[in-house]
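Colleague: Any chance you can model this:
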Amino acid sequence: MAHDRDGTLGLAADEERAYRALMDLARTDTAGLAAALDMSAPDAAAVLAALTARGLARMHGDDQYSAAPPDTALGAVLADRFEALRDGYDALHALVQAYRDAQRRRGGDEAETITGAAALRSRIDQMQRRATTQMRTFIRGPRVTARSDLAVHDEGLARGVRYRQIYEKTMLDLPGQVDRIRDLTSRGEEVRFAASVPLKIVIADDFGAIIGEPGAQPVALATEHPALVLLAASLFEQVWTDAVPAPQSHPDAPFSSEEDRMLLSLLLAGLTDQTIATRLGVGLRTVQRRVRDLMDTAGVDTRIQLGWQAARRGWV
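Modeller: Got it, this is the predicted structure:
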């Protein structure tokens with residue numbers, strides 16, 4: 001039985017399948033889980049033991065199990081993953097600095113320091129024109145360049161280039177940012193929210209990256225060195241896996257309002273009710289009432305449970 005931990009929550013695929021089955025079955029034995037998942041009894045017993053050890057399953061007498069609330073057990077799992085991401089951020093920063101120092105010593109030209117908002121914007125547009133498969137971007141404050149040329153952006157989408165952006169959630173506090181995200185998703189771009197992102201990074205296909213310097217000055221390193229591009233891309237994919245998607249149209253969602261979809265995404269991204277109200281241009285009580293309505297629709301009692309059900313049912 002495979003145990004590769006590829007799931008969003010750090011669980012093996014068979015563990016996550018079994019946990020979801022336990023939620024649906026309410027209470028079952030080893031044979032019942034094996035039948036539900038079409039697996040052998042020994043494999044079912046092994047995965048139940050793993051879930052019990054992780055605190056995700058509860059035993060009720062001999063060979064009777066039920067799903068335990070995910071909040072506490074998975075908190076430790078996600079904390080470990082966050083720590084691993086921080087280690088990755090540190091590794092990227094150290095590698096960039098070491099590479100830059102080596103380039104200076106050798107007088108190499110595989111990396112270039114770009115200074116100034118106009119120069120950065122121009123280089124990013126050039127990368128977009130060269131891209132054939134995808135553009136990936138980390139976005140965090142402070143913003144030091146103007147919005148990219150939408151004509152270049154739309155031209156890339158028309159050529160089949162996939163655009164993905166991860167916004168640090170503090171960016172959502174900026175006026176007009178929610179409307180900007182709505183505009184991007186309506187054009188076909190994929191947007192997700194993360195609690196934090198390591199640096200400002202733009203990655204074109206797998207050939208080049210622009211890595212912003214920390215701080216408010218428009219200064220960045222542009223490189224096509226394979227090791228740096230690969231590390232930046234790997235970090236992006238790690239953060240993307242755990243980030244909260246911006247709202248898209250989901251035919252199975254129990255609500256059709258774009259505002260409710262955005263509210264749910266902002267809530268899952270960790271914004272306060274007051275911040276959500278400000279971003280959506282509605283009152284605090286309206287946000288609280290809509291959150292309560294969403295919880296009632298999902299049949300849950302807490303916001304954490306609402307987030308779990310939203311992810312489980314594909315509402316975000």
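Colleague: Any idea how far the host helix or strand of A151 is from the middle of the chain?
Modeller: Element membership of A151 [criterion: DSSP states H and E] is helix 150-158. How far helix 150-158 lies from its chain's middle: 23 Å, per Cα atoms, centre = their mean, to the nearest Å.
Colleague: Export that helix to CSV, keeping only CA atoms.
Modeller: Output of helix 150-158 as CSV, limited to C-alpha atoms (Å, rounded to 0.1, in the frame of the first residue of the first chain):
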residue,chain,number,x,y,z
LEU,A,150,-3.1,43.8,-19.9
ALA,A,151,-2.6,43.5,-23.7
VAL,A,152,0.5,41.3,-23.1
HIS,A,153,-1.4,39.4,-20.4
ASP,A,154,-4.4,38.7,-22.6
GLU,A,155,-2.1,37.8,-25.5
GLY,A,156,-0.5,35.2,-23.3
LEU,A,157,-3.9,33.8,-22.3
ALA,A,158,-4.9,33.6,-25.9
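Colleague: buried ones in that helix?
Modeller: The neighbour-count check on helix 150-158 (16 or more other Cβ atoms under 10 Å) flags H153, G156 as buried. Every residue, glycine included, has its C-beta placed from N, CA and C.
Colleague: ditto for stretch 166-185
Modeller: Going by neighbour count (16+ other Cβ under 10 Å), the buried part of stretch 166-185 is 166-172, 177-178, 181-182, 184-185.
Colleague: Let me see the mean pLDDT of that stretch.
Modeller: Throughout stretch 166-185, pLDDT has a mean value of 80.
Colleague: Ends of it, what's the gap?
Modeller: Terminal residues of stretch 166-185 lie 12 Å apart, using Cα to Cα, to the nearest Å.
Colleague: hmm, who's touching that stretch?
Modeller: 137-141, 143, 147, 163, 165, 191-197, 236, 239-240, 243, 246-248, 258, 262, 266, 269-271, 275, 279-280 (Cβ atoms under 8 Å, 6 or more residues apart in numbering).
Colleague: how much distance is there from that stretch to the middle of the chain?
Modeller: On Cα atoms, centre = their mean, the centre of stretch 166-185 falls 14 Å from the chain's centre.
Colleague: same check, this time on stretch 284-296
Modeller: 24 Å.
Colleague: and that stretch, C-alpha only, in PDB?
Modeller: Output in PDB follows, covering the C-alpha atoms of stretch 284-296 (Å, rounded to 0.1, in the frame of the first residue of the first chain):
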ATOM      1  CA  LEU A 284     -20.000  44.000   9.400                       C
ATOM      2  CA  ARG A 285     -23.400  42.600  10.300                       C
ATOM      3  CA  THR A 286     -24.000  41.600   6.700                       C
ATOM      4  CA  VAL A 287     -20.800  39.600   6.600                       C
ATOM      5  CA  GLN A 288     -21.600  37.900   9.900                       C
ATOM      6  CA  ARG A 289     -25.100  37.000   8.700                       C
ATOM      7  CA  ARG A 290     -23.800  35.600   5.400                       C
ATOM      8  CA  VAL A 291     -21.100  33.500   7.200                       C
ATOM      9  CA  ARG A 292     -23.900  32.100   9.500                       C
ATOM     10  CA  ASP A 293     -26.000  31.300   6.400                       C
ATOM     11  CA  LEU A 294     -23.000  29.500   4.800                       C
ATOM     12  CA  MET A 295     -22.400  27.500   8.000                       C
ATOM     13  CA  ASP A 296     -26.100  26.500   8.100                       C
END
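Colleague: Buried residues of it, list them for me.
Modeller: So for stretch 284-296, counting by 16+ other Cβ under 10 Å, buried means T286, V287, R290, V291, L294, M295.
Colleague: All the helices of the stretch 101-250 of the chain, residue numbers only.
Modeller: Taking DSSP state H, counting those that start in this stretch, the helices of the stretch 101-250 of the chain run over residues 117-130, 150-158, 177-186, 226-242.
Colleague: Could you save these as TSV and add columns showing distance to M39?
Modeller: Listed next are those as TSV, based on distance: least, Cβ to Cβ, whole Å:
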stretch	distance to M39
helix 117-130	46
helix 150-158	42
helix 177-186	38
helix 226-242	25
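Colleague: mean pLDDT for the ones you listed: which is lowest?
Modeller: When I compare the helices of the stretch 101-250 of the chain, helix 177-186 is least confident, with a mean of 80.
Colleague: Let me see the ranges of the strands in the stretch 51-200 of the chain.
Modeller: 57-59, 65-67, 111-115, 134-139, 162-168, 190-194 (DSSP state E, counting those that start in this stretch).
Colleague: Give me the residues contacting stretch 150-165.
Modeller: Contacts for stretch 150-165 (Cβ under 8 Å, 6+ apart): 125, 128-129, 131-139, 184, 187-192, 236, 240.
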